[in-house]
Every structure is written in structure tokens, then in C-alpha cells.
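Enquirer: Give me the fold of what follows.
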Amino acid sequence: MKRMLRNFALLAAIGTSLCSFTASASAAPETLRFGVAAEPYPPFLVKTPTGQFTGFEPDLIRALCEQLKAQCEIKEVAWDGIIPALLSNKFDVLFNSMGISPERQKVIAFSRPYYETTGVFVAAKNVNLTLTPEGLAGKSIGVQGSTTNADFIRTAYGNTSDLRIYTTQDDCNADLIAGRIDVMFLDKLGDIDFLKSQDGLAFEEKGTGSVRMDPLLYGLGVGAGLRKADTALKSRIDDALTQLHDSGKYAQISEKYFPIDLWPK
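Expert: You can find the predicted model right below:
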């Protein structure tokens, strides 16, 4: 009888432990995997020598995860394969300065825009350029591939200029410095660190050009990419981004890197 009571007490204790473990496990925060390109894109994204991600978007990712009460992991993949990696479940949220465009919306969903910017031409200070298709006819224009900027340059200048498409912005910068291209086109805010660098001192912004930027390319802003089936996650990220902006946390992060307000108007 004593042995039966002892066994009953042992089973009750095990049951209590299992219930405690289950409750503890269910209370564990979810893990969200954010995908970014392996290539640096300062000041939006930089990987330090110790493997840490810094910049505007990693800071915003961490703030988002805090707002969502989730743990976050940052996964890096090649930029030109970043949408296929999202669709094949390598990560959950694409968060890497991807412009929202109708073509991309056919394949993936986007959160509400979390910043917007425009593109600019950058060339040597001692070079005068007329930023029209006729003015840049025969000139070599460098631009990072798989970007909204590349879509714009192909549309506006593809019939008159020599387009050079680069895997990374660093490669494009290097060819401009070396004189292998005449001018490059990139996000206005993406050239901040380049123009402040020793290599960039001889260059300047030349403007956006006189060609009207297609609002279907530039009017939709930059958003987080998600699989179309993840409607609940999209809604939560939309809400969290709005809450970060309304609380002032978004501006606090943005002001660390940029002289102007990036929040879409």
C-alpha cells in the first residue's frame, strides 16, 4: 500500500513537472527570421568584423522584435537570390531596402512602407552632365541590379546609354572611382557614407535627372517582404511599424543615421 501511494505521488509529481514544462515552453517567445543581403549597404546595413549587423535596418529590426515581443535572427543571403530565399522558407521577413513595385507584388506581399527615398546620379565633381536620355547618350551608367533604381534606369535610359549592372553597390562605387563608368545611380541616402569617404571626396550628387520618376517605381516606398500566405504576420508587422513611429522610437533610430525624416508621408 505504501509503495502504491509512493508511486502515485511520484506520478503526480511527474505530471506537475510536465505541466510546468509545457506552460513554460508555450510561454517562450516566437523567433522571427529576418533576411538581409550579405553585401553591405551603409548606412542601412553593415556587418562588423565580429559578425554583428549594424545600421538603420538592423536597429529597426531589433525594435520591431521588441515591439512584437519576439526573438529575432538576422539571416544573410545574396541580394539577387533574396526573394527566392524568402519563398523557400529560408527566413520569414525580407527587410533590406526593397522597393515596393507592382512586379514584386505579383510574387510576394509587402508591409506598409517603412521609409521612402529617391534616386540620384553621382559623378565626378569636375564633370558636367545633362541628366536627360539625350544628355547621357553614350555615357556608361552604373546601378546595382535587382533594385528599383535598376528598373528606373532601364526604363528611362536603357535605349540611349551604356548600362552597367552590378551585384553590389560597393562594386559599382569601385568602378566609378576607377573611371570605368561615367556616372552611377543609387538611393539618395545610400550615397551618404560614400561621399564622406576618402574615395568619395572627388564625387558629388548631380541630381535626379529631368525624366519624371515613374510613381509605380518610386511612389510606393520601401517595405518588408513576406510570403503572401503570411497575412497575420504582415498585419502584426504593419501595426508594429506604426506603433514604433507613433511612439517616437522610429525617429530616434532614424536620426542616428540620416539628416532627414524617412517616414513615408
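Enquirer: where are the low-confidence patches of the stretch 151-265 of the chain?
Expert: Applying pLDDT under 70 to the stretch 151-265 of the chain picks out residues 209-219.
Enquirer: And the strands in it?
Expert: Taking DSSP state E, counting those that start in this stretch, the strands of the stretch 151-265 of the chain run over residues 162-166, 183-187, 203-207, 225-226.
Enquirer: Take those and lay them out in a markdown table including distance to residue 244.
Expert: C-beta: built from backbone N, CA, C; applies to glycine. Shown next, in a markdown table, are those (distance: least, CB to CB, whole Å):
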| stretch | distance to residue 244 |
| --- | --- |
| strand 162-166 | 32 |
| strand 183-187 | 21 |
| strand 203-207 | 29 |
| strand 225-226 | 17 |
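Enquirer: Out of the ones you listed, which is closest to residue 143?
Expert: Proximity to residue 143 (CB to CB) singles out strand 183-187 among the strands of the stretch 151-265 of the chain, at 4.8 Å.
Enquirer: which outside residues touch that closest one?
Expert: Around strand 183-187, the neighbours that count as contacts under CB atoms under 8 Å, 6 or more residues apart in numbering are 97, 117-123, 127, 129, 136, 139-144, 149, 152-153, 169, 172-173, 175-176, 206.
Enquirer: mind listing which of these are in helices?
Expert: Secondary structure from DSSP state H places 149, 152, 153, 169, 172, 173, 175, 176 of those in helices.
Enquirer: could I have stretch 79-95 exported to PDB, CA atoms only?
Expert: The C-alpha trace of stretch 79-95 is given here as PDB (Å, rounded to 0.1, in the frame of the first residue of the first chain):
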ATOM      1  CA  TRP A  79      20.800  40.000 -52.800                       C
ATOM      2  CA  ASP A  80      20.000  38.600 -56.200                       C
ATOM      3  CA  GLY A  81      18.500  35.400 -54.600                       C
ATOM      4  CA  ILE A  82      16.800  37.100 -51.700                       C
ATOM      5  CA  ILE A  83      13.200  36.700 -52.900                       C
ATOM      6  CA  PRO A  84      13.600  33.000 -53.800                       C
ATOM      7  CA  ALA A  85      15.100  32.500 -50.300                       C
ATOM      8  CA  LEU A  86      12.000  34.100 -48.700                       C
ATOM      9  CA  LEU A  87       9.700  31.900 -50.800                       C
ATOM     10  CA  SER A  88      11.700  28.800 -49.900                       C
ATOM     11  CA  ASN A  89      11.300  29.500 -46.200                       C
ATOM     12  CA  LYS A  90      14.900  30.300 -45.500                       C
ATOM     13  CA  PHE A  91      13.600  33.200 -43.400                       C
ATOM     14  CA  ASP A  92      10.300  34.900 -42.500                       C
ATOM     15  CA  VAL A  93      10.700  38.600 -43.300                       C
ATOM     16  CA  LEU A  94      12.700  40.300 -46.100                       C
ATOM     17  CA  PHE A  95      14.000  43.500 -44.500                       C
END
